[in-house]
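# A predicted structure for the sequence below; I have some questions about it.
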Amino acid sequence: MVIRRFHMELFVAGLTALAGAVTTFGSLELGVGWTESGPEPGYFPFYIGLLLAVLGLYNGAHAAIAKRGDAELFVEKRHAIRLARFGGPMAAFVVVTILLGLYVGTALYLFYVAWRQGGYRPLLSALIGVGFSLALFAVFELTFKVPLLKGPLEPLFGIY
Amino acid sequence: MGNFGLLLDGFQIALTPTHIAIMVIGVLLGLVVGVLPGLGAPNGVSLLIPLTFSMDPVSAIILLASMYWGALFGGSTTSILFNIPGEPSSVATTFDGYPMARGGQATRALTLAFMSAGTGALVGVIVITLLSSWAADFALRFGAPEYFAVYFLAFCAFIGMGSAWPGKTAVSLLLGLALSSVGMDTITGSLRLTFGLSELIGGISFLVVVIGLFGIGEILMTVQHGLKFRGVSSRVDLRDVFRTIAELPRYYLTLVRSCLVGAWMGITPGGPTAASFMSYGIARQWSRKGKVFGTGRPEGIVAPEAADHSAGTCAMLPMLALGVPSSATAAVMMGGLMIWGLTPGPMLFTTKPDFVWGLIASMYVANIVAVILVLATVPMFAALLRIPFAIIGPMIVAVCFVGAYTVSSATFDLWLVLAFGIVGYLFNKLDYPIAPLVLAMVLGHKAENAFHQSMILSDGSVLVFWSNPLVGTIMTLALALVILPQLVRLASRWKRDQAEPLGD
């Protein structure tokens, strides 16, 4: 199936309308009326959500009627491939980082992309990854005293 | 003359060796951020804010502001040398800057850009110096309804004056407001919209959202377009620099006009991007050689650059004096101020004159520092872009995620960055503007508080927003900004429909 810009216009308009609906219903639980001390906590978000839902639907309807972007491809195939090649490792980086910490995650991510996509030799790629990780350590942990996320591997090197 | 005395005090703060060193560091970091795709000024400032928590607020704001100036200059550099705008506001610079550089006059193009940018910034700071006390005094008369009206005006100006489709701008704004209401409510203390997720109790940090939307979103756009660096030689010849500076007075009319356009767009929520396009358009219309614009005309570089920097600088005025930022970067900086425990707005001028005037004085100094530094380091930063993307791309991504983690040391924020990165990409592709979302997130709480207080004052009647001439004027103006452009559009469409049968 080919995804046209038209489909994405509808999809994103629907998504924003959904966000509005969620906000509206979430606010309803908090109370959206008035008490003696003033508006209840849900008062402001309720109307924001309602307006967001209405405008989302309006944008969707407008795109549908005007057939906005019906002839326009959302992403060309070669662009989609490029995005996937970039986005895939990035998503994996987040998962690995949450499991193993930012330093190990960063080193592995840089190593993998430089090696598999940059065409560098594995040793050089590993040096790039580890070097950048060490640079992050020097800047954040040592200079600014801001601790970054660590996983199960750092304690093996005596870093907590 | 009160302002002048205060400004001199400010210079005493800004001209200390520490602060000058901070400016140099800030400008250099800004240049890196401005040159690299995917790292822009709002995002760069967001990444830096967590590192300033332990700094003195004056030093911290000087660092962030200098980074902003550096990013503006960096954006122009890549526009001219690589035809790749490092910042959205330097897109207009590519039109004439790149052709001139490709024609073998890279030094001339760069010098024209930097000198007019410096002039624009200088005009912007002078405007701030002259107007800020006055604006702050004016704002001292504001009560809750007036404050809400001003926030409302800022929101409406985005919808009415922005270049995007109004429905999309409004959605972006409302999404920001909705996101800002997640978490602990500061007034009633109740938890809102957390849907049982303990990670959301503290709310969603706008810094994380900015890093996702601007950082990851933008780099995804860059990846999709593919990077073709056909850069021209980035060697800077000092003789050419001076020759170009001598040439600059010839374009004084363009320069003055562009600075004024920039100042106006910077104070009102038009922002630097709109200012640079508008100024370029006007320059092309006014020029008798309008037809040859786009082939490397000097005016085509002077106009957008002067307006861009003038607007970028002037955006600090409403942020400081009213607490209403008019650009995404100013919004992020204002969020930083609030994190440091300062309240932007008129009271800042009476309670923290050192801070305000130290910052204003630093803008004079930092912009001069920036012009010199950028001329000296152009070849170095141009080399950054020649690093293969398979290396620099993941580094940018890693820095974004590291920056997001430092905001509150929460792994949940890493997922948020990824999610908002995808949102940013989709919004970019479908022409939803992102700046309103950021502005709304930063202003959300303040707008809601002002709204609550106004409602309590009036016992729930919205007529409080028309209860005196001042607030009534602001509210009416705000509504007019949204409604009038729509009416004009409808009218022109109606006219076209009427004319069509005759045209057959």
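Yep, that arrived.
# residues contacting whichever residue of chain A sits closest to chain B?
Closest residue of chain A to chain B, CB to the nearest CB: A:Gly118 (2.9 Å). (Glycine included, C-beta is placed from N, CA and C.) Counting by CB atoms under 8 Å, 6 or more residues apart in numbering or on different chains, A:Gly118 makes contact with A:Ser125, B:Pro388, B:Ala390, B:Ile391.
# Remind me which helix or strand the most centrally placed residue in chain A belongs to.
What sits nearest the mean C-alpha location of chain A, by CA atoms, centre = their mean, is A:Ala91, with 9.0 Å. Per DSSP states H and E, A:Ala91 falls inside helix A:77-100.
# Name the residues of that helix that are buried.
Buried residues in helix A:77-100, counted by 16 or more other CB atoms under 10 Å in any protein chain shown: A:Arg82, A:Leu83, A:Phe86, A:Gly87, A:Pro89, A:Met90, A:Phe93, A:Val94, A:Val96, A:Thr97, A:Ile98, A:Leu100.
# so does that helix get close to chain B?
Yes - contact between helix A:77-100 and chain B, assessed by CB under 8 Å from any CB of the partner chain, occurs at A:His79, A:Arg82, A:Leu83, A:Phe86, A:Gly87, A:Pro89, A:Met90, A:Ala91, A:Phe93, A:Val94, A:Thr97, A:Ile98.
# quick one, strands of chain B?
B:183-184, B:191-192 (DSSP state E).
# quick one on the thing from earlier: pLDDT value on the residue nearest to the centre of chain A, please?
On the pLDDT scale, A:Ala91 is placed at 96.
# same question, the one 10 residues further on
Confidence per residue is given as pLDDT, and for A:Gly101 that number is 93.
# Which residues lie in contact with it in this structure?
So A:Gly101 contacts A:Leu148, A:Leu149, A:Lys150, A:Gly151, A:Pro152, A:Leu153, A:Glu154 (CB under 8 Å, 6+ apart).
# now B:Arg192
So B:Arg192 contacts A:Gly26, A:Ser27, A:Leu30, A:Pro41, A:Gly42, A:Pro45, B:Ser181, B:Val182, B:Gly183, B:Met184, B:Asp185 (CB under 8 Å, 6+ apart).
# And for A:Val146?
A:Phe140, B:Pro50, B:Leu51, B:Thr406.
# State the phi and psi torsions of it.
Main-chain dihedrals, A:Val146, degrees, to the nearest 10: phi -100, psi 110.
# Can you report phi and psi for the most far-flung residue of chain A relative to its centre?
Residue farthest from the centre of chain A, counting by CA atoms, centre = their mean, is A:Glu36 at 41.3 Å. The phi/psi pair for A:Glu36 (degrees, to the nearest 10) reads phi -60, psi -30.
# So which residues of the stretch 101-250 of chain B form helices?
Using DSSP state H, counting those that start in this stretch, the helices found in the stretch 101-250 of chain B span residues B:106-139, B:144-161, B:166-180, B:206-210, B:217-225, B:238-247.
# Can you tell me which of those helices is most buried?
Highest mean neighbour count of the helices of the stretch 101-250 of chain B: helix B:206-210, a mean of 28 (counted as mean count of other CB atoms under 10 Å in any protein chain shown).
# What are the contacting residues of it?
With CB under 8 Å, 6+ apart, helix B:206-210 has contacts from B:42-43, B:46, B:49-50, B:179-180, B:328, B:331-332, B:335, B:403-404, B:407, B:413, B:416-417, B:420, B:437-438, B:441-442.
# is the lengthiest helix in chain A up against chain B anywhere?
Determined from DSSP state H, the single longest helix within chain A is helix A:5-30. Yes - Helix A:5-30 is in contact with chain B by CB under 8 Å from any CB, via A:Arg5, A:Met8, A:Glu9, A:Val12, A:Thr16, A:Ala19, A:Gly20, A:Val22, A:Thr23, A:Gly26, A:Ser27, A:Leu30.
# List the buried residues for that helix?
Buried residues in helix A:5-30 (16+ other CB under 10 Å): A:5-6, A:8-13, A:16-17, A:19-24, A:26-27, A:30.
# returning to what we had before: may I ask which of the contacts of A:Gly118 has the most neighbours?
A:Ser125 (22 neighbours; other CB atoms under 10 Å in any protein chain shown).
# Let me have the helices of the stretch 101-250 of chain B in CSV, extended by mean pLDDT.
Formatted as CSV, the helices of the stretch 101-250 of chain B follow (pLDDT from 0 to 100):
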stretch, mean pLDDT
helix B:106-139, 91
helix B:144-161, 88
helix B:166-180, 94
helix B:206-210, 93
helix B:217-225, 87
helix B:238-247, 86
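# Which strands and helices lie in contact with the longest helix of chain A?
helix A:43-66, helix B:166-180, strand B:191-192, helix B:412-429 (3 or more CB pairs under 8 Å, 6 or more residues apart in numbering or on different chains; DSSP states H and E).
# Between helix B:166-180 and that helix, find me the angle.
Between the axes of helix A:5-30 and helix B:166-180, defined by axes from the mean of the first three to the mean of the last three CA atoms, to 10 degrees, the angle is 40 degrees.
# Report the angle between helix A:5-30 and helix A:43-66.
160 degrees.
# Check which element follows helix A:5-30 along the chain.
Downstream of helix A:5-30, the next assigned helix or strand under DSSP H and E is strand A:34-35.
# In the sheet, which strands lie alongside that following strand, parallel or antiparallel?
Take DSSP bridges as the rule and strand A:34-35 pairs in its sheet with strand A:38-39 (antiparallel).
# Only alpha carbons, please: show stretch B:275-295 as PDB.
C-alpha atoms of stretch B:275-295 as PDB (Å, rounded to 0.1, in the frame of the first residue of the first chain):
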ATOM      1  CA  ALA B 275      11.400  38.300  10.000                       C
ATOM      2  CA  SER B 276      14.200  37.100   7.800                       C
ATOM      3  CA  PHE B 277      11.700  35.900   5.000                       C
ATOM      4  CA  MET B 278       9.800  39.200   5.200                       C
ATOM      5  CA  SER B 279      12.900  41.300   5.100                       C
ATOM      6  CA  TYR B 280      14.200  39.400   2.100                       C
ATOM      7  CA  GLY B 281      10.900  39.700   0.300                       C
ATOM      8  CA  ILE B 282      10.800  43.500   1.000                       C
ATOM      9  CA  ALA B 283      14.400  43.900  -0.200                       C
ATOM     10  CA  ARG B 284      13.600  42.100  -3.400                       C
ATOM     11  CA  GLN B 285      10.500  44.100  -4.100                       C
ATOM     12  CA  TRP B 286      12.200  47.400  -3.400                       C
ATOM     13  CA  SER B 287      15.300  46.700  -5.400                       C
ATOM     14  CA  ARG B 288      15.300  47.900  -9.000                       C
ATOM     15  CA  LYS B 289      17.400  44.800  -9.700                       C
ATOM     16  CA  GLY B 290      14.800  42.600  -8.100                       C
ATOM     17  CA  LYS B 291      15.000  40.200 -11.000                       C
ATOM     18  CA  VAL B 292      18.500  39.200 -10.300                       C
ATOM     19  CA  PHE B 293      17.900  38.300  -6.600                       C
ATOM     20  CA  GLY B 294      18.800  34.700  -5.900                       C
ATOM     21  CA  THR B 295      22.000  34.900  -8.000                       C
END
